[in-house]
Structures are given as C-alpha cells and as structure tokens.
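S.K.: model the structure of this input:
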Amino acid sequence: MYQIKTVVYKDIDVDPGELVSMLEAAKMLGMTSPGVSSAMARGMLREVVDSDAFKWRGRRFLFREDVAAFALQRKR
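M.R.: Residues are numbered from 1 along each chain as shown. Modelled structure (predicted):
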C-alpha cells in the first residue's frame, strides 16, 4: 500500500514575538538554515507560514519555544 503526504494549513492567532525566523533558529541551534529546514521536514520543529509575505521570502517561521526545546534536546 502507498500513502501520500498531505499538508493542511490553518489560520492561527499568534503573537509575532513567539516566532523566530529560520535564520534566527539556525543561530539559536548552532545549525545551518538547511539543517533547520531538514528538522522541520522530519517533523522535529513546527513551521508557521506568513501567508501575507511576498512569495517565499521571509515567509517561514518557527515557534521560539519549539526551537528552545529542540536546542535542549540537542545538548543531551
């Protein structure tokens, strides 16, 4: 049996202060942006998308608390 991955986006109310950019997350984690992107693809970090952003530039964010928790996991 084969399966297809589907992604569903839903609108949320979030304080922008709770979010970090991919670059900020990479700095917090001591990783590269592609490394953060890979962690997001594996479901280790939740992605928040700004649907009003121009094209893909500055569009992807992460929850600051998720990044902090992931940083603690990486230190173990």
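S.K.: so which residues of this structure form helices?
M.R.: Applying DSSP state H to the chain gives helices spanning 22-29, 33-41, 64-75.
S.K.: need the winner for burial among those helices.
M.R.: Most buried of the helices of the chain, by mean neighbour count (mean count of other CB atoms under 10 Å): helix 22-29, with a mean of 18. C-betas here are computed from N, CA, C, even on glycine.
S.K.: and M44, how far is that from S21?
M.R.: M44 sits 17 Å away from S21, taking CB to CB, to the nearest Å as the criterion.
S.K.: out of the helices of the chain, flag the one nearest D50.
M.R.: Proximity to D50, assessed across those by CB to CB, is greatest for helix 22-29 (11.9 Å).
S.K.: who are the packing partners of the closest one?
M.R.: Judged by 3 or more CB pairs under 8 Å, 6 or more residues apart in numbering; DSSP states H and E, the packing partners of helix 22-29 are helix 33-41, strand 60-63, helix 64-75.
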